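Novice: My questions are about this predicted structure, shown below with the sequence.
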Amino acid sequence: MPISDFSNALFELAQAEQLRTRRLVSSPQDASMIIDGERVMSYASNDYLGLANHPRVVAAAIHALKRYGLGAAASHMVTGHMQPHHDLELRLAEFLGLPKALLFSSGYAANLGILTALAGRGDTIFADKLNHACLNDGAVLSRAEFKRFPHNDLKKLEALLGNAADARSAGRKIIATDAVFSMDGDIAPLAEMLELAERYDAMLVIDDAHGFGVLGYRGKGVLELLNLKNERIVYMATLGKAAGGYGAFVAAHEDVIEWIMQTARTYLFATATPPAIAAAMLVSLDIMVEDHERRRHLRTLIDFFSDSLKLQYAKTPFSQTAIQPIIVGSNANAMAFSEALRERHMLVPAIRPPTVPAGTARLRVSLNANHTTEDVFDLVTAITDIEVLLLGQNVGQGVGQRIGHNPT
Ligand SMILES: *Cc1c(COP(=O)(O)O)cnc(C)c1O
């Protein structure tokens with residue numbers, strides 16, 4: 001009986017403490033939220049600039065809802081491509097200084113679309129082992145050769161590129177990487193990867209879901225932080241994180257964008273996002289550009305959190321982004337830590353395998369421009385107290401060990 005297969009599989013997940021549950025949120029997204037009926041301070045969302053419930057962003061959505069209605073009712077290629085979508089694409093390209101941008105309904109759909117459009121049988125995709133799931137899924141779906149290199153390992157990447165160059169296939173080569181790794185918060189060596197892309201005649205697909213809006217003085221993500229400019233770059237980012245809304249986009253050379261538009265199945269066969277979302281994202285982008293104070297405050301919080309923990313756990317943390325992981329090893333440790341924080345009305349999710357490699361279960365702290373310095377101070381204090389408590393109870397070794405290297 002097939003159903004018992006699922007029941008047994010679920011039981012095994014539960015045994016391995018890998019069963020996930022959802023929390024019910026009954027307030028807007030913010031630093032302080034009502035989660036499962038209780039007011040808590042949230043250090044969990046990707047709303048890094050605190051724009052998900054920004055009055056101007058919400059007002060723009062309401063205004064557009066009245067003007068354009070709710071649904072886009074068709075794909076972009078039929079009649080779903082509406083004025084706010086169009087304006088947003090132009091604005092994104094202009095903001096980033098890239099020739100052209102194309103909207104997708106989500107980051108997941110964008111990466112599936114980009115990789116399947118750029119590569120196929122006979123081509124090769126080179127990917128970091130810690131890449132986001134949707135880059136992996138896109139690579140598999142593309143039917144290209146899929147070669148993964150250890151996290152941020154340029155030597156291995158170069159060796160793989162060299163082997164491919166020697167092979168008989170003269171197919172396209174695509175290097176695909178997260179810009180900011182979503183579970184570690186570290187940044188890929190993109191300038192060096194670009195050099196490799198030049199040397200081996202490859203394209204570089206960059207997923208900047210966690211850098212867009214956050215990194216760089218103007219918020220242009222890794223492009224600005226690392227001063228990257230090159231026709232080989234295919235830049236992708238989401239609008240559901242720092243932009244506080246929903247959707248995603250890819251920006252690159254005109255012909256690359258045109259090709260993706262003509263061939264990406266997740267673009268062609270999907271309904272366009274509601275136009276009000278695009279209209280709201282235009283305002284979100286305005287705030288992102290004008291309001292340096294938000295980014296500056298977030299930067300202060302990041303430095304404060306990261307420096308506080310560096311002092312406590314000699315091992316140097318290295319995340320200069322809003323994602324601040326604390327590796328605690330076992331799933332049970334991660335759960336105990338997260339629950340102890342929850343008792344103090346602080347929400348910090350425990351991230352367990354298979355989302356992260358086995359034995360590297362962690363707390364994943366996400367900072368948000370709507371947190372005050374005091375909110376972050378409280379969190380640091382709580383983490384310190386709880387660690388003593390857990391260690392006192394002999395829960396395990398390695399609790400609170402920070403990432404000082406890149407786990408592969
Ligand atoms: C969140 C995320 C995505 C997916 O974006 P959605 O818009 O949520 O589908 C893709 N890549 C990375 C690195 C992400 O963190």
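Specialist: It's in. Residues are numbered from 1 along each chain as shown.
Novice: any idea how far stretch 7-19 is from the chain center?
Specialist: On the basis of CA atoms, centre = their mean, to the nearest Å, stretch 7-19 is displaced by 27 Å from the centre of the chain it belongs to.
Novice: What's the separation between the residue in the stretch 201-350 of the chain that the ligand sits nearest to and Leu215?
Specialist: Residue of the stretch 201-350 of the chain nearest the ligand, by CB to the nearest ligand atom: Ala209 (3.5 Å). C-beta coordinates here come from the backbone N, C-alpha and C atoms, glycine included. Distance, Ala209 to Leu215, by CB to CB, to the nearest Å: 12 Å.
Novice: Show me the common contact partners of the two, please.
Specialist: Val180 (CB atoms under 8 Å, 6 or more residues apart in numbering).
Novice: now Gly244, nearest residue through space, not along the chain?
Specialist: In space, and not counting its chain neighbours, Gly244 is closest to Leu51: 3.1 Å by CB to CB, 6 or more residues apart in numbering.
Novice: Doesn't that neighbour belong to a strand?
Specialist: No - assigned with DSSP: H, G, I helix; E, B strand; the rest coil, Leu51 falls outside any strand and is coil.
Novice: wait, it sits on Met281?
Specialist: No - the pair Leu51 and Met281 fails to qualify as a contact (CB atoms under 8 Å) at a distance of 9.5 Å.
Novice: Going by proximity to the ligand, name the top residue of the chain.
Specialist: For the chain, CB to the nearest ligand atom, closest residue to the ligand: Gly107, 2.1 Å.
Novice: residues from the protein in reach of the ligand?
Specialist: 106-108, 111, 132, 134, 178, 182, 207, 209-210, 238, 240, 248 (CB under 6 Å from any ligand atom).
Novice: so which of the residues you listed comes closest to Pro28?
Specialist: Gly240 (14.9 Å; CB to CB).
Novice: what's the spacing between that closest one and His210?
Specialist: Counting by CB to CB, the gap from Gly240 to His210 is 11 Å.
Novice: ditto for Ala165
Specialist: 32 Å.
Novice: returning to what we had before: count the neighbours of the residue of the stretch 201-350 of the chain closest to the ligand for me.
Specialist: The number of residues packed near Ala209 is 24, by other CB atoms under 10 Å.
Novice: ditto for Gly37
Specialist: With other CB under 10 Å as criterion, Gly37 counts 7.
Novice: rewinding a little: so for Gly240 and His210, which residue has more residues nearby?
Specialist: A count of neighbours by other CB under 10 Å puts His210 above the other of Gly240 and His210, at 28 against 20.
Novice: Give the intersection of the neighbour lists for Gly240 and His210.
Specialist: Asn46.
Novice: sec struct for Ile206, please.
Specialist: strand.
Novice: Return the distance of the nearest residue to Tyr200 once chain neighbours are set aside relative to Ile125.
Specialist: Nearest residue to Tyr200, sequence neighbours excluded (CB to CB, 6+ apart): Leu161, at 4.1 Å. Leu161 sits 11 Å away from Ile125, going by CB to CB.
Novice: who touches both of Leu51 and Met281?
Specialist: 243, 245.
Novice: Show me the helices in this structure, by range?
Specialist: 2-15, 55-68, 83-96, 107-118, 133-142, 154-166, 190-199, 221-225, 254-263, 265-268, 275-290, 292-312, 331-343, 373-392 (DSSP state H).
Novice: if I read this right, Asn230 contacts Leu194, doesn't it?
Specialist: Yes - here Asn230 lies in contact with Leu194, judged by CB under 8 Å, at a distance of 5.5 Å.
Novice: The residue of the stretch 201-350 of the chain closest to the ligand reaches Tyr235, doesn't it?
Specialist: No - the pair Ala209 / Tyr235 is not scored as a contact, 11.2 Å apart, by CB under 8 Å.
Novice: ok, the residue nearest to Gly244 - how many residues close by?
Specialist: Counted with other CB under 10 Å, Leu51 comes out at 29.
Novice: what's it in contact with, if anything?
Specialist: 57, 242-245, 284, 287-288.
Novice: Need phi/psi at the residue lying closest to Ala191 once chain neighbours are set aside.
Specialist: Nearest non-adjacent residue to Ala191, counting by CB to CB, 6+ apart: Leu226, 5.4 Å away. Phi and psi for Leu226, reported as degrees, to the nearest 10, are phi -100, psi 10.
Novice: show me the contacts for Asn46.
Specialist: Shown in contact with Asn46 (CB under 8 Å, 6+ apart): 209-210, 240-242, 366.
Novice: To clarify, my last question referred to Phe304.
Specialist: 373, 376-377, 380.
Novice: now swap in Gln83 and tell me
Specialist: Counting by CB under 8 Å, 6+ apart, the residues that Gln83 touches are 68, 275.
Novice: quick one: it and Ile351, what's the gap?
Specialist: 40 Å.
Novice: how does the protein divide up, domain by domain?
Specialist: As given by automatic domain parsing, the domain ranges for the chain are 21-50+292-404, 55-289.
Novice: Format the ones you listed as TSV; extra columns: mean pLDDT.
Specialist: Output for these, formatted as TSV (pLDDT from 0 to 100):
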stretch	mean pLDDT
domain 21-50+292-404	86
domain 55-289	96
